[in-house]
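>>> Give me a model of this one.
(6 chains)
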Protein chains: 6
Amino acid sequence: MGSLLVVSAHAGDFVWRAAGAIALATSRGDRAKVLCLTYGERGESAKAWREGRTLEEIKELRRVEASAAAEVLGAEIEFLDAGDYPLLETPELVDRIARVYREVEPAVVLTHPTEDPYNQDHPAAARMALHARVLAQAAGYDAPGEPLGAPPVFFFEPHQPEQCGFRPDVLLDITPVFDAKRKAMECLPAQQHMWEYYTDLARRRGVQLRRNAGPNLGLPHTTMGEAYMRLYPQVTGTLS
Amino acid sequence: MGSLLVVSAHAGDFVWRAAGAIALATSRGDRAKVLCLTYGERGESAKAWREGRTLEEIKELRRVEASAAAEVLGAEIEFLDAGDYPLLETPELVDRIARVYREVEPAVVLTHPTEDPYNQDHPAAARMALHARVLAQAAGYDAPGEPLGAPPVFFFEPHQPEQCGFRPDVLLDITPVFDAKRKAMECLPAQQHMWEYYTDLARRRGVQLRRNAGPNLGLPHTTMGEAYMRLYPQVTGTLS
Amino acid sequence: MGSLLVVSAHAGDFVWRAAGAIALATSRGDRAKVLCLTYGERGESAKAWREGRTLEEIKELRRVEASAAAEVLGAEIEFLDAGDYPLLETPELVDRIARVYREVEPAVVLTHPTEDPYNQDHPAAARMALHARVLAQAAGYDAPGEPLGAPPVFFFEPHQPEQCGFRPDVLLDITPVFDAKRKAMECLPAQQHMWEYYTDLARRRGVQLRRNAGPNLGLPHTTMGEAYMRLYPQVTGTLS
Amino acid sequence: MGSLLVVSAHAGDFVWRAAGAIALATSRGDRAKVLCLTYGERGESAKAWREGRTLEEIKELRRVEASAAAEVLGAEIEFLDAGDYPLLETPELVDRIARVYREVEPAVVLTHPTEDPYNQDHPAAARMALHARVLAQAAGYDAPGEPLGAPPVFFFEPHQPEQCGFRPDVLLDITPVFDAKRKAMECLPAQQHMWEYYTDLARRRGVQLRRNAGPNLGLPHTTMGEAYMRLYPQVTGTLS
Amino acid sequence: MGSLLVVSAHAGDFVWRAAGAIALATSRGDRAKVLCLTYGERGESAKAWREGRTLEEIKELRRVEASAAAEVLGAEIEFLDAGDYPLLETPELVDRIARVYREVEPAVVLTHPTEDPYNQDHPAAARMALHARVLAQAAGYDAPGEPLGAPPVFFFEPHQPEQCGFRPDVLLDITPVFDAKRKAMECLPAQQHMWEYYTDLARRRGVQLRRNAGPNLGLPHTTMGEAYMRLYPQVTGTLS
Amino acid sequence: MGSLLVVSAHAGDFVWRAAGAIALATSRGDRAKVLCLTYGERGESAKAWREGRTLEEIKELRRVEASAAAEVLGAEIEFLDAGDYPLLETPELVDRIARVYREVEPAVVLTHPTEDPYNQDHPAAARMALHARVLAQAAGYDAPGEPLGAPPVFFFEPHQPEQCGFRPDVLLDITPVFDAKRKAMECLPAQQHMWEYYTDLARRRGVQLRRNAGPNLGLPHTTMGEAYMRLYPQVTGTLS
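Numbering: from 1, shown residues only, chains lettered A, B, ... in the order given. Purely as a prediction, here's the structure:
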């Protein structure tokens, strides 16, 4: 299939929202790379702050945990340490992301939706991921590597989907790799209440997946799913 | 893949809007069935009326032409002769369509979008096609055959897409069968000005298809396309 | 300019919502015809019911008042007496409206918006007005007269515009005829509280009209306006 | 507070989607009435059909189960037996519902959202519930009782919310009555897999409820919720 | 109830759009604080510029007038003097606003809608108000005070609501404090034409408020209202 | 009519998208000015980069070609050379555009739509064009010239309209000047494949224009069109 690139705002996002897609890719033998723009050190580490950790300790903690999760999924991971809460959009950061596109040459891109009233870092990451993708496509863009093709972009599911204009376009069957997703989640002990929450969500998306697939496909009751939204039209030679 | 069912309001709709998808299906060896709810005898036969033909002559003319187009595409065709302009929504007509679903057991369904301010027959046909599909799924629905699965539904492109809320979700590559589509269009001589119009449109959708696919796929400059919109989320085991 | 046709659900709607456009048309010497599908005898005559009038008395009252308002505006008026609350959509009623289109050959059509959670008769009237317009365009439609052209359709402003998806596309300057509108409103004594309300609204739309026109046009502070929404794109030879 | 009226298409809908709101009302001492337009005998009784039951047996089964669930919740229940799959919209049925409004004089109304591509009976029920409410408001509507006020309408959550345009406007805390909701669900043994599904959903909506309420309110981790969507603006004397 | 925080772009916005909500809060004994990001010295002081005032004079004039209006309403007021037309979004300004959140600990937040094609300062202020609110919630955000809860956010009504995607979710009854709102408006003599305009609007929103409340509530004909739009779902224990 | 101002991101945009409107203006004797924020040197010059040209050579090439096209259309052209891919939004650039508004005093403004997932420079240009227009309206804005009026803004058609939320509001008849548009396109030899593409599009918009105008207007089969979208409501004294 080609490489998978995941651009996420904070260190943990890729686990809750896209670990299934990542594990499916690596289980097929494809390269998967996770690009974390920040460690989520301020905005998503409430427990550590309450415990009195320093900024550097928290970054290190998040780095270690997210790296372990990536390893479980068979994915590479890179941290740009751009600073969160707020994650500032700068031309320099967009350029760094564009260079990653040129290096990875992804066949598929995953990122946050562009709307999220609960967390402005998520749309900021998404806007930069989308901007960098278009820059990397231009022959005249001054960065190493060949002009990028037009990899499809999928938005992964936010925490409160309906408040973010998130309407699933794609239900991905992650049943074969759900165990890996669960193990990756368990690499993030500070958010233990999320393990059950995102297992429930996978089950719920699985129920919808079976309903949309119809009984003919014979999917089991234990089907687990992840929901995605396409930014661009699907290109295909067959309707299905 | 399984069968393809196309539900269209008038006799000619399936040619301009979905002949590519039909020819792709039959060229793969799949069954394709076109269900025309009416002949389009009042609303889409202005030339024949101006020539002074009778209602019955016009129906026969449309039947012959549409049948020839279906034959070129390798598809079956059935006419329900429900009367157009207006096409009335009745429980009886919905039931007849539901029985066709039960008989054909389609793997894929094509119909009009549910919004069209230029032609109320089109949304009426779409609403009945969607309603009948859900009825045919119910074990308790009193009609021959097995309960239907959950075949995906694709809306084909209306004449003025932007005024109908039509935003392409899927760009279908119909290059291998475009010659068949052109031949099918030429079976409808009363609308000769449409041949060029829909050839242009296929070329335009082909340009967009190449742009969304990216240069990597190596699609030729002569790529031809048809645009579709999904009603339900795509179910898949792979993001691409 | 050609004729103006106004299709309204109840007897009073055309006064509050479109009297300015009507008076502008007739003051230019154009024909204007108001088609009231019902008298609004059940849904918009609360005062008369509380006074113990009979159904027939109420219809007559509404007929007389609306006719007086039409006369003030220089417009013809016709009542189809189709029964309100609920106004039922039937093929026969749509056909009657289509015949009016064929007779009037309007250059411009006004009706209700297609969404109104406070009054289902309004969207029902609008749907029938739109359906009949398309039927009347067809050469094969069996009704006297020539096939209709494609007159533009404008939705007039509902009572609670934001709840009806009403976003003004057109601000019409009715300053020269506002006195006639006020006089027409005063023909409806049962709804006296509406006189001030719709005078205020005209002033408010006038303020917006001046703001959107810019100071260059030199519109006076006393500008009065009516808001409309287009169903179809404007066709023009000049952008302005 | 006044009475609660729930209008649902099939016998089980009120349990999965609104049992919490119902139990909160009755636990406050308010009257709650559930109006089931059909038994869901064809569309939502697949198991019974597979077991070879007759139509009448299935209706009876559904009647008994739904009545038991209503009793657990302390609510009245009435079945109109209008026939499902398809549930046909008729003036007579709308009139029957309008008469229920006049009798119950609800302070709050619950029904389905008006969009559901998986089940056309749900929007049909909603359209009739909304239409009947407006008819019952008219002084001139010919039915016993006083003209209805303007009770707010809330849409309860459909099975696939994002595909139905369902964006929660209100998160209702049902923690105090969740046990009753669970017991009511357990009155419907044919859909046992739904018990866990809708318990999970209540937990998920509870998590969102806590997040939107903020930590200040001190809601417990065990908070359970139901999501609703308003049709009309909230009227209030205090922003909160 | 807790404190009310109003974040507005220019010095006068809070008066026209939210004076009723502010006066209701202070009349209940709650603290209300108005945060004006700018004086509106360039964009909303046309009269003063035409009179030849200097920039500093205009700022002072606006400061005095807005302070008087706040005093009438019983509210505190603070000016950040960030410069208008354009109001630039900077991390520093967002941080200053976040610190105000931490200090005020609002129970409710009011600001502009995020869309306004007539005035880019309004959405800029809204984006910063929303961003700062989320930052202030984070335990790791480096500012004095405790992490903020999750106060609900209401958008107040813009000058041309339909062009700003403004659809009222909440109609607030400001009848008891309308006199105070009128007095506050009269503190802004340069925009005297707005006094009547916003009195009319309050009357219009009052009419809609009564219509949505229904006759049962017995609201008087003199009801005055303000319209708001919620950003987040309402959290409640009772549907009403 | 007054002057026409076209604000475009790159050197070629005005030709493909708005040459018809420009030629109509100049053929009426009106001034038309094209403001190109960049040369499109990086993002829209793939062929030149593949041929090994330097940045300066490419800029010069684009400048010469676009100037030739403008001359064919009878329009002035100015290049701000702000740098593309990415086109950065800065207060300084917005100020430069505001000063052009003050100098040109346009009666009509054309620019890109504000949404384009294929090219972030286009929305960036549009946002700056809209922002500058509002700044130039303010009496207090510190730039030479008189405060601007409120010229209407039209968005011209993007390459993939449906993906950019582009719904045509206005269909402009460019038949009388299409030859000039074709000649202007032929001034851009590097994009020769676009000549036919945009000729096809003009024909397609012409077909829609005739359909929306109706047969009464007697427009010829050779009608050519351009599509536009209005940002603000139309202000008029006549509905048509």
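>>> Chain D contacts on chain A?
Counting by CB under 8 Å from any CB of the partner chain, the residues of chain A close to chain D are A:118, A:159-163, A:166-168, A:193, A:197, A:200-201, A:203-204, A:207-208, A:211, A:221. The way it works is simple: take the backbone N, C-alpha and C, and place the C-beta from them, glycine included.
>>> filter those down to the ones close to chain E.
Among these, chain E is touched by A:118, A:163 when using CB under 8 Å from any CB.
>>> Can you select the buried ones from the residues of chain A next to chain D in ChimeraX?
Of the residues of chain A next to chain D, the buried ones can be selected in ChimeraX as follows, counting by 16 or more other CB atoms under 10 Å in any protein chain shown:
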select /A:118,159,160,161,162,163,166,167,168,197,200,201,203,204,207,208,211
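>>> Just the residues of chain A next to chain D: which are in helices?
Cross-referencing the residues of chain A next to chain D against helices under DSSP state H gives A:193, A:197, A:200-201, A:203-204, A:207-208, A:211.
>>> mind putting the residues you listed in JSON lines, distance to chain F included?
Shown next, in JSON lines, are those (distance: CB to the nearest CB, whole Å):
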{"residue": "A:His193", "distance to chain F": "35"}
{"residue": "A:Tyr197", "distance to chain F": "31"}
{"residue": "A:Asp200", "distance to chain F": "32"}
{"residue": "A:Leu201", "distance to chain F": "27"}
{"residue": "A:Arg203", "distance to chain F": "32"}
{"residue": "A:Arg204", "distance to chain F": "29"}
{"residue": "A:Val207", "distance to chain F": "31"}
{"residue": "A:Gln208", "distance to chain F": "26"}
{"residue": "A:Arg211", "distance to chain F": "28"}
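>>> check the residues you listed against chain B, which are close?
Okay, of those touching chain B (CB under 8 Å from any CB), that's A:208, A:211.
>>> Can you tell me the number of residues neighbouring A:Leu61?
The local packing of A:Leu61 (other CB atoms under 10 Å in any protein chain shown) involves 18 other residues.
>>> Please apply the same query to the one 5 residues further on.
Close neighbours of A:Ala66, defined as other CB under 10 Å, add up to 26.
>>> residues in contact with the closest residue in space to it that isn't next to it in sequence?
Nearest residue to A:Ala66, sequence neighbours excluded (CB to CB, 6 or more residues apart in numbering or on different chains): A:Ala11, at 3.9 Å. Going by CB atoms under 8 Å, 6 or more residues apart in numbering or on different chains, A:Ala11 touches A:36, A:38-40, A:44, A:62-63, A:65-66, A:79.
>>> okay but A:Pro158 is in contact with A:Thr111, surely?
No: checked against CB atoms under 8 Å, the pair A:Pro158 and A:Thr111 is beyond contact range at 11.2 Å.
>>> between these two, which one's more packed in?
Neighbour totals were compared for A:Pro158 and A:Thr111, and A:Thr111 leads with 29 against 24 (other CB under 10 Å).
>>> Can you report phi and psi for the more buried one?
phi -160, psi -180 (degrees, to the nearest 10).
>>> returning to what we had before: out of the contacts of A:Ala11, which sit inside strands?
Among those, the residues falling in strands (DSSP state E) are A:36, A:79.
>>> Of the ones in helices among the residues of chain A next to chain D, which pair is most distant in space?
A:His193 and A:Arg211 (27.8 Å; CB to CB).
>>> Residue of chain A closest to chain F, please.
Residue nearest to chain F within chain A: A:Gly140 (3.5 Å; CB to the nearest CB).
>>> Count the residues that sit near that residue.
Neighbours of A:Gly140 (other CB under 10 Å): 21.
>>> Look up the closest residue to it, ignoring the ones flanking it.
F:Arg42 (3.5 Å).
>>> Next one, pLDDT for A:Pro215 please.
Looking at A:Pro215, its pLDDT reads 69.
>>> So what's the residue count around A:Gly83?
That count, for A:Gly83 with other CB under 10 Å as the rule, works out to 15.
>>> For it, give me the pLDDT.
At A:Gly83, the pLDDT value in this model is 97.
>>> just to revisit the earlier point, does the residue of chain A closest to chain F lie in a helix or a strand, and which?
Assigned by DSSP states H and E, A:Gly140 belongs to no helix or strand.
>>> Could you check how far it is from F:Arg62?
Using CB to CB, to the nearest Å, A:Gly140 is found at 11 Å from F:Arg62.
>>> what do these two both touch?
F:41, F:45.
>>> what comes into contact with stretch A:206-215?
Contacts for stretch A:206-215 (CB under 8 Å, 6+ apart): A:168, A:171-173, A:175, A:217, A:219, A:221-225, A:227, B:147-152, B:232-233, B:235, D:118, D:159-160, D:197.
>>> Let's see the pLDDT reported for whichever residue of chain A sits closest to chain E.
For chain A and chain E, the shortest gap (CB to the nearest CB) falls at A:Arg42, measuring 3.5 Å. For A:Arg42, the pLDDT comes out at 96.
>>> can you count the residues close to it?
Counted with other CB under 10 Å, A:Arg42 comes out at 25.
>>> Three-state assignment for it, please.
coil (DSSP: H, G, I helix; E, B strand; the rest coil).
>>> Who are the contact partners of it?
Counted by CB under 8 Å, 6+ apart, A:Arg42 has contacts A:55, A:84-85, E:138, E:140-142.
>>> thinking again about what came up before, buried ones among the contacts of A:Ala11?
A:36, A:38-40, A:44, A:62-63, A:65-66, A:79.
>>> out of those residues, which one sits closest to chain B?
A:Cys36 (19.9 Å).
>>> Please look at that closest one and A:Ala66 and confirm they touch.
Yes: assessed by CB under 8 Å, A:Cys36 is found in contact with A:Ala66 at 6.4 Å.
>>> and for the two, which residues touch both?
With CB under 8 Å, 6+ apart as the test, A:Cys36 and A:Ala66 both reach A:11, A:14, A:77, A:79.
>>> Just give me the closest of those to chain B.
Of these, the one sitting nearest to chain B (CB to the nearest CB) turns out to be A:Phe14, at 14.0 Å.
>>> near chain B at all, the host helix or strand of the closest one?
Per DSSP H and E: A:Phe14 is located in helix A:13-27. Yes: using CB under 8 Å from any CB, helix A:13-27 reaches chain B at A:21, A:24.
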